[in-house]
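[1] Here is a sequence with its predicted model. Questions after.
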Amino acid sequence: MATKWNDIAYYQVPTDDSFRLKPQNPDFTGEIDGKKQAAELLQGGVEQLAELQDVLYADGRWGVLVVLQAIDAAGKDSTIKHVMSGVNPQGVKVSSFKKPSSDEMSHNWLWRYSKEVPARGEIGIFNRSYYEDVLVVKVHDLASKQGLHESLTGKKLFSHRYEDINAYEKHLTRNGILVLKFFLHISADEQRKRFLRRLERPEKNWKFSLSDLEERRYWDDYQDAFESMMRNTSTDHAPWYCVPMNNKWFGRLVVTKTIIERLKALGLSYPQLNEAQKQALEKGREMLA
Ligand code: ATP
Ligand code: MG
């Protein structure tokens, strides 16, 4: 039987180290019949998400951290734009992480991200995240240039970082922050097409950067780093979702659906009024009558 596109367990990365990136199919679109049907489903999802966010805010006991990681041109920005298009901007904050400043680099590596973690009641989106410190930092061997003593940058560096991430995400989870992590998966060929489009279409020109092409030479190293990241940091408290993204319209749908399902599972509710609050309502009604 064909996999139902909306079975979010299908995209969830196992926690037992068995995950391999190569066999994952970035072209997967389940039984969805093209862009048009996807757009309709997305619209429904966006509305549902808006309702859930309203309760999340009112409930106030849970926060949500959405982490997006991917190779260049996979569609992080447009995913955020579409998935969050219906939610109240007051309850959402997007944080994008670029190369760390020297101030940021002089602190422990999780420091700059910690400051951006959402409060309970809020949705925070990390456009890139602390995972860059086991991705670009690994691919380009940057740790030794970030001011750490050499005794701290040995062979164990990345297994220690995975450990720290797992502990940190447990810490967040134990504090009411739901951690949802999405890896947007595209093929090398699809990335090439998207870069070409940036060159060809005037309205996309501004997105083109030669350095993205330089990075493309490290494609295999990045794939290895992504795979290792997911194998080591997909946990019961914060699993990774590997999202097929060669068709952006499909990937966005999967991200939306996953956030909705995970929010629903929290059992959110509007606060119940106590006696005094109920009396205050009654009094308010009388005063306005
Ligand atoms: P994006 O590529 O996410 O759409 P952008 O094109 O606006 O964003 P870039 O200049 O590409 O901006 O900024 C992101 C760059 O910062 C990436 O190359 C990324 O690898 C790098 N970066 C992010 N976090 C770190 C980090 N902790 N250490 C080193 N480099 C980092
Ligand atoms: Mg970029």
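    Received, thanks. Ligands and ions are numbered 1, 2, ... in the order given.

[2] The host helix or strand of Gly44: what's the following helix or strand?
    Gly44 is located in helix 34-59, with elements delineated by DSSP states H and E. Per DSSP H and E, the first helix or strand lying C-terminal to helix 34-59 is strand 63-70.

[3] buried sites along the helix or strand that that following strand is followed by?
    Sequence-wise, the next helix or strand downstream of strand 63-70 (DSSP H and E) is helix 76-83. Buried residues in helix 76-83, counted by 16 or more other Cβ atoms under 10 Å: Lys76, Thr79, Ile80, His82, Val83. No exception for glycine: its C-beta is placed from N, CA and C like everyone else's.

[4] what residues does the stretch 101-250 of the chain put near ligand 1?
    Asn127, Arg128, Glu132, Asp133, Val136, Val137, Leu142 (Cβ under 6 Å from any ligand atom).

[5] Rounded mean pLDDT for stretch 279-286, please.
    The pLDDT scores in stretch 279-286 average 96.

[6] Any chance you could list what contacts that stretch?
    Contacts to stretch 279-286, defined as Cβ atoms under 8 Å, 6 or more residues apart in numbering, come from residues Leu273.

[7] and with 10 Å instead?
    Applying Cβ atoms under 10 Å, 6 or more residues apart in numbering, the contact partners of stretch 279-286 are Leu273, Asn274.

[8] Show me which residues of it are buried.
    Buried-residue list, stretch 279-286, by 16+ other Cβ under 10 Å: empty.

[9] Going along the chain, name the helices of the stretch 151-289 of the chain.
    In the stretch 151-289 of the chain, the helices defined using DSSP state H, counting those that start in this stretch lie at 157-174, 188-200, 210-216, 219-233, 248-264, 275-288.

[10] Can you list the helices and strands that the shortest one packs against?
    When you say that, I think you mean helix 210-216. Judged by 3 or more Cβ pairs under 10 Å, 6 or more residues apart in numbering; DSSP states H and E, helix 210-216 is in contact with helix 188-200, helix 219-233.
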